[in-house]
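S.K.: Provide a 3D model corresponding to the input given below.
(3 chains)
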Amino acid sequence: MAKMTVIFDRCKGCELCTTACPKQIVALQHEKRNKEGVFTAYCTDQDACIGCAMCAMMCPDCAIIIEK
Amino acid sequence: MAVVFERPKSLCDVRLHYCAGCTHGIIHRLVAEVIDEMGIEGTTVGVCPVGCSVFAYNYFNCDMIEAPHGRAPAVATGVKRARPDLNVFTYQGDGDLAAIGTAETVHAATRGENIAIIFVNNGTYGMTGGQMAPTTLPGQVTTTSPYGRNPKTAGYPVHVCEMLSTLDGTALAVRTAVDTVPHIREQRR
Amino acid sequence: MEKVLMKGNEALAEAAIRAGCKCFFGYPITPQTELSEYLAKQMPKRGGVFLQAESEVAAINMVLGGAATGTRVMTSSSSPGISLKSEGISYIAGSDVPCRIVNVERGGPGLGSIQPSQQDYWQATKGLGHGDFRLIILAPNSVQEVVNLTSRAFDLGEKYRMPVMLLSDGLLGQMMEPVEFPEAVSEPADQSAWAATGTKMAREHHIINSLYIEANDLEEQVVKRYEKYAKIEESESDAELYLCDDAEIVITAFGATSRIVKSAVNKARAEGIKVGMFRPITLWPFPKKQLLDACKNAKNVLSVEMNMGQMVEDVKLALDCKLPVSFFGRTGGIIPTPNEVLAEIKKLNGGAQ
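M.R.: So this is what the prediction gives:
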């Protein structure tokens, strides 16, 4: 059981994390913009997250926290 | 559940000004992770000259000095010689390090200054909007090489690591990319 | 302490070590050479750092780095080298970092000559790099004063957190005079409130910086700096007045030239001409009040310089253009003689009668 959290206002929506995820469970949501005006990344399936932290490692803005 | 990945302590908890997806953020984090691992935040002074990363003084929790364009290795030399007990690093782009600051870089290296230079090469001048840099590849289009860099008129890119590794004073010159997670892991080592 | 015979450049170097200068960063250039060579010999033996940089540009940036740690550091050069350093000096001023810069002036423009000159008056007082900023400029006129002003330069720099320049010239640098080193030298002031010395995890990080991307922030910083400059103008200006009390002709001269002028004044006095000399010791701040005092009985003012009259404007401004100010000078590395100056005094004396 692992948990991926995106710091909402830090995410710039660059999508580097979406390409890094080996499970392909990181994507941009298209419902709510943050204060920068961008649609942020989120984990589409928390149960499938293995906590490998590859998304966080790829994130240039330290906007992802991984718990395991 | 425990946190297994978060912001390193020596990186300030602030929003970075870099463009979305710019890997300066990754490299900042890698530097900060190393500072954390070595436990040297309190004795580290960073030097950041002109370029996209000029605001890095707002991002690292250690003492920071902003240097003129290209002059970071000289400023770092001054810090280290005045205070040998401090750990000193510079964080420079390719225009800064390999064009305007070539002399400072080469001579700091050949003197064997006990400093770490983090060289971030994106092959262009980013801050001013994408002009040709000393590391721009032949044929690469930039705003000042709009027809692609022509080696006949603009010369060839500088191979920085190869050049510095010929100097006796250089302790270590390594090069890697930050485009993928394995590369990022490799860089951290 | 007993007097020793020393060259100006070497005396300056020795005085710097005694004043607690820990690091010297320089690049070879005539006529400041002996200064660097002396420090290259002495610094390693006396717990200091001598480093020959790859360029003037690198040297001044090493000064920026060293000074940013709150250490007493200095660099020295001669005219063309100071031009190269002006980028770094602007950054140092913009970062509010204290340091000491020595200019042993030579002839210009361009490569000019290696002979003595005072052609960098404008550069030193008005044009040392881009931006709104000032440097305190000290202009000694003897080897002894070179020594005396050396620790004062460090003290002033630290007091106001700004670069201070000692403006010497090829004449002062090369001539030998007996000199006495003061027993007590100034102690470096505590710089821990701002210096980059490592946080030791016990405080917020210090940032040494001249960049303010928001225009309002930059204006605020510059205005604050100008408030400091106003205080310096108020309290730090310094001058020597020689036989000015009854002087109808006042000669203004700074640095080595004032020695020649003093001889000419003495000769003129022997002939009964009421002439005196005003010598600014601080070129910035220019000692305006002292000049007005010196000229209280004056009918004529003559500026004598080893350039084409760069100080004349400051003299006129300080006098509010209320007195006629004429000029005599030699340039290109030629030193005016006392007799030449005496002839100018006589011309003015004839005109005044």
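S.K.: the closest residue to chain B within the stretch 1-150 of chain C: which element?
M.R.: Per Cβ to the nearest Cβ, C:Gly65 is where the stretch 1-150 of chain C lies closest to chain B, at 2.5 Å. For the C-beta atoms, the positions are set from N, CA and C on the backbone; glycine is no exception. If you go by DSSP states H and E, C:Gly65 is part of helix C:56-68.
S.K.: now the residue of the stretch 1-150 of chain C closest to chain B. Nearest residue, chain neighbours left out?
M.R.: Nearest in space to C:Gly65, with sequence neighbours left out and distances taken as Cβ to Cβ, 6 or more residues apart in numbering or on different chains, is B:Gly78 at 2.5 Å.
S.K.: with C:Ser192 instead?
M.R.: C:Ser192 sits nearest to C:Gly70 (Cβ to Cβ, 6+ apart), 6.8 Å away.
S.K.: which SS class is the one you found?
M.R.: The three-state assignment at C:Gly70 reads coil, by DSSP: H, G, I helix; E, B strand; the rest coil.
S.K.: swap in the one 5 residues further on?
M.R.: In three-state terms, and counting by three-state DSSP, C:Thr75 is strand.
S.K.: got the residues of chain B near chain C?
M.R.: Within chain B, the positions adjacent to chain C are B:41-45, B:47, B:54-55, B:57-58, B:60-68, B:71, B:74-83, B:85-86, B:103-104, B:106-107 by Cβ under 8 Å from any Cβ of the partner chain.
S.K.: quick one: which of the residues you listed sit in helices?
M.R.: Applying DSSP state H to the residues of chain B next to chain C, the entries found in helices are B:74-82, B:103-104, B:106-107.
S.K.: chain C: which of the residues you listed is nearest?
M.R.: Nearest to chain C out of those is B:Gly78 (Cβ to the nearest Cβ; 2.5 Å).
S.K.: ok, now how distant is that closest one from chain A?
M.R.: Going from B:Gly78 to chain A by Cβ to the nearest Cβ, to the nearest Å gives 31 Å.
S.K.: quick check: that residue touching C:Ala67?
M.R.: Yes: using Cβ atoms under 8 Å, B:Gly78 is in contact with C:Ala67, at 7.4 Å.
S.K.: at the contact with chain B, which residues of chain A appear?
M.R.: By the rule Cβ under 8 Å from any Cβ, the part of chain A lying against chain B is A:1-3, A:9-10, A:12-16, A:20, A:38, A:51, A:53-54, A:56-62, A:64-68.
S.K.: apply 10 Å and report the result again.
M.R.: Residues of chain A that fall close to chain B, judged by Cβ under 10 Å from any Cβ of the partner chain: A:1-5, A:7, A:9-16, A:19-22, A:35-36, A:38, A:51-68.
S.K.: which residue is the nearest non-sequential neighbour of B:Ile117?
M.R.: B:Ile117's closest residue in space is B:Thr90 (Cβ to Cβ, 6+ apart), at 5.0 Å.
S.K.: contact partners for the one you found?
M.R.: B:45-49, B:65, B:67, B:71-77, B:79, B:96-97, B:101, B:104-105, B:108, B:115-119 (Cβ atoms under 10 Å, 6 or more residues apart in numbering or on different chains).
S.K.: the same query, at a cut-off of 8 Å, please.
M.R.: Contacts here follow Cβ atoms under 8 Å, 6 or more residues apart in numbering or on different chains; on that basis B:Thr90 touches B:46-49, B:67, B:72-73, B:75-76, B:115-118.
S.K.: so what's the gap between the helix or strand where C:Val147 lies and the chain middle?
M.R.: Here C:Val147 is covered by helix C:143-160, with elements defined by DSSP H and E. Counting by Cα atoms, centre = their mean, to the nearest Å, helix C:143-160 is centred 10 Å from the centre of its parent chain.
S.K.: which neighbouring elements make contact with that helix?
M.R.: Judged by 3 or more Cβ pairs under 8 Å, 6 or more residues apart in numbering or on different chains; DSSP states H and E, helix C:143-160 is in contact with helix C:8-18, strand C:99-105, strand C:136-138, strand C:163-169, strand C:176-179, helix C:215-235.
S.K.: repeat that with 7 Å
M.R.: Using 3 or more Cβ pairs under 7 Å, 6 or more residues apart in numbering or on different chains; DSSP states H and E, the elements in contact with helix C:143-160 are helix C:8-18, strand C:99-105, strand C:136-138, strand C:163-169, strand C:176-179.
S.K.: quick one: those as a markdown table, columns for mean neighbour count, mean pLDDT and distance to chain B too.
M.R.: Output for the helices and strands packed on helix C:143-160, formatted as a markdown table (neighbours: other Cβ atoms under 10 Å in any protein chain shown; pLDDT from 0 to 100; distance: least, Cβ to the nearest Cβ, whole Å):
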| stretch | mean neighbour count | mean pLDDT | distance to chain B |
| --- | --- | --- | --- |
| helix C:8-18 | 26 | 96 | 15 |
| strand C:99-105 | 29 | 96 | 10 |
| strand C:136-138 | 26 | 98 | 21 |
| strand C:163-169 | 29 | 96 | 14 |
| strand C:176-179 | 16 | 96 | 28 |
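S.K.: nearest to chain A, out of these?
M.R.: Judged by Cβ to the nearest Cβ, the one of the helices and strands packed on helix C:143-160 that comes nearest to chain A is strand C:99-105, at 36.5 Å.
S.K.: can you list contacts of the closest one?
M.R.: Under the criterion Cβ atoms under 7 Å, 6 or more residues apart in numbering or on different chains, residues C:9, C:12, C:31-32, C:35, C:63, C:67, C:73-79, C:82, C:85, C:89, C:92, C:117-120, C:124, C:153-154, C:157, C:163-170, C:173 lie in contact with strand C:99-105.
S.K.: which of B:Gly78 and C:Ala67 has more neighbours?
M.R.: B:Gly78 (36 against 32; other Cβ atoms under 10 Å in any protein chain shown).
S.K.: the more buried one and C:Ala59 touch, don't they?
M.R.: No: using Cβ atoms under 7 Å, B:Gly78 makes no contact with C:Ala59, being 9.1 Å away.
S.K.: where do the contact lists of the two overlap?
M.R.: Counting by Cβ under 7 Å, 6+ apart, the common neighbours of B:Gly78 and C:Ala59 are C:Phe25.
S.K.: which element is C:Val250 on?
M.R.: Using DSSP H and E, C:Val250 maps to strand C:249-252.
S.K.: in its sheet, what does that strand sit against?
M.R.: Counting by DSSP bridges, the strands paired with strand C:249-252 are strand C:275-280 (parallel), strand C:300-305 (parallel).
S.K.: before we move on, the earlier item: need the max-distance pair from the ones in helices among the residues of chain B next to chain C.
M.R.: Put simply, by Cβ to Cβ the two of those set farthest apart are B:Ala82 and B:Val106, 21.9 Å from each other.
S.K.: more crowded one of those two?
M.R.: Shown here are B:Ala82 and B:Val106; by other Cβ under 10 Å, B:Ala82 has more neighbours (26 against 21).
S.K.: got the contact list for B:Ile100?
M.R.: Counting by Cβ under 7 Å, 6+ apart, B:Ile100 touches B:His69, B:Gly70.
S.K.: my error: substitute B:Ile117 in the last question.
M.R.: B:Pro73, B:Thr90, B:Gln92.
S.K.: of the residues you listed, closest to C:Phe181?
M.R.: Within these, the smallest distance to C:Phe181 is 35.9 Å, found for B:Pro73 (Cβ to Cβ).
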